[in-house]
Structure formats: structure tokens, C-alpha cells
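In: sequence first, then the predicted structure, then my questions.
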Amino acid sequence: MSLNKLFETQAGLDNHIVKEKGLEGQDLLPQKILALQVELGECANEWRGFKFWKVNPEPRTKALRFPTMSEEDKEYYNPLLEEYVDCLHFILSIGLDLELEDRHNSLIYEIEEEPENLTLMFAEVMSHTCDLFWSCYHDDDYEAQEYSYKATFSNFLKLGELLGFTEEQIEQAYLDKNKINHERQLNGY
Ligand SMILES: O=c1ccn([C@H]2C[C@H](O)[C@@H](COP(=O)(O)O)O2)c(=O)[nH]1
């Protein structure tokens, strides 16, 4: 996965959004960290595996993009993968705001001890996003911010692997959703 290319693509979208919404010069980091936590929740909700109260909580990996009457107009997408790449958008966007994009060669580390199951993996990523928020808004500690960011990103990529996604699938789904996000801005989203 080329992080360099992903950061560049993300910067294009972020700049588009800031310009379109007139947000130049504003600190959007707290909104982006909260947005990442919300998207992680949405991703877990599509995975469904933590829903022990249901009979068969299978991941939602195929759904219709738009309601349509005719068979040939039907467009399917993978809701789990789409929520996963929504998270990736915000992770990249946060990295740009923290000016960590130039360190793309050292941002990701190998997760040696992987959690026992996907519930713990989701919780692990979520917990690093809480540390990230804390280091940005309470400690104001740049080293801790960088550490929490790397931990969030590295564990998030491990989560993608455990969900069964290949790097190619993730990159392609990211680029597809990025394009949709640009179109949404042009169409007054
Ligand atoms: O500064 C921003 C704000 C939003 N998004 C993207 C991330 C998600 O893919 C999408 C938000 O999706 P909704 O929650 O609106 O569906 O917008 C960015 O990339 N950068």
C-alpha cells in the first residue's frame, strides 16, 4: 500500500472540503478524531460479530447502492469495506493535520501480539483514538500524539487484515470512496 499516494489523495479531498465549506484556518482535529470514532463504530456495526444477542451476526458485505426496479441498473457494494475506508479517510486526514505525512515510512509498525478476536481488535483501535485525543487536548505532548497516531494506524491496518481485506482491495475501495466524496462536495452534500 502506497501511503504516500494515499496521503496525497486525502490532502486533495481535505482541501476541497475546506474550500467548499469556507473552513480555512480552523482547527478541525477534534471533529476528525470524533468522526473517526463514529466511523469505527459504524464499521463494527457492519461487521456485527460483537452482537452476541443475535442468532447469526454475519458481516454485511453486499448491499444495493440505490433502490432500483431493473436488474441491469442494480449496483452492489460492500458496506463493511466502505465503512472501513471511511475510517481510513479520517486517519489519513488526522495524519495530515498532525503533519506526520512525511514520516510515512515509519508510521506503521508490526503488531506482534494480535488480539484474540475481532471485538478486542476494534476495542484496541478505539482505545488508541482516545489516547490520541487525550495527547492532543490535555497533555499537548507531541511525542505522545505521534505515538498514539502510529498505534491507531498500525492497529487499524491489522484490523483490516483480520476482517479479510487485502491491501489492493483497501486501496481501490479508498480511491472509489474518495471520488464519491469529491462528487458529493460538488453536488452540495
Ligand atoms: O475533512 C474531511 C471530512 C470528511 N471526509 C470523508 C471521510 C468519509 O469518507 C466521508 C464522511 O462520510 P459520511 O459520514 O458523511 O457518510 O467524508 C474526509 O475525507 N475529510
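Out: Right, received. Where do you want to start? Note that the structure is predicted; figures quoted are calculated from it, not measured. Numbering: from 1, shown residues only.
In: what ranges does this structure have for its strands?
Out: 63-64, 76-77 (DSSP state E).
In: out of everything not next to it in sequence, what's closest to the closest residue to the ligand within the chain?
Out: Closest to the ligand within the chain is H89: 3.4 Å, counting by CB to the nearest ligand atom. From N, CA and C alone the C-beta is placed, and that goes for glycine too. Ranked by CB to CB, 6 or more residues apart in numbering and with sequence neighbours excluded, the top spatial neighbour of H89 is Q10, at 6.5 Å.
In: okay, the one you found: pLDDT?
Out: In this prediction, Q10 carries a pLDDT score of 98.
In: cool, E114 as well?
Out: So, for E114, pLDDT stands at 88.
In: same question, the one 5 residues further on
Out: Model confidence at T119, given as pLDDT, is 98.
In: ok, which residues in this protein are in contact with the ligand?
Out: With CB under 6 Å from any ligand atom as the criterion, the chain meets the ligand at residues 13-14, 17, 86, 89-90, 93, 177, 181.
In: let's see 5 Å
Out: Residues of the chain lying close to the ligand (CB under 5 Å from any ligand atom) are 13-14, 17, 86, 89, 93, 181.
In: looking at those, which are in helices?
Out: 13-14, 17, 86, 89, 93, 181 (DSSP state H).
In: I'd like the distance between the residue sitting furthest away from the middle of the chain and A63.
Out: Distance from the C-alpha centroid of the chain, by CA atoms, centre = their mean, peaks at S70 (32.9 Å). Using CB to CB, to the nearest Å, S70 is found at 17 Å from A63.
In: repeat for L163
Out: Following CB to CB, the distance that separates L163 from A63 is 16 Å.
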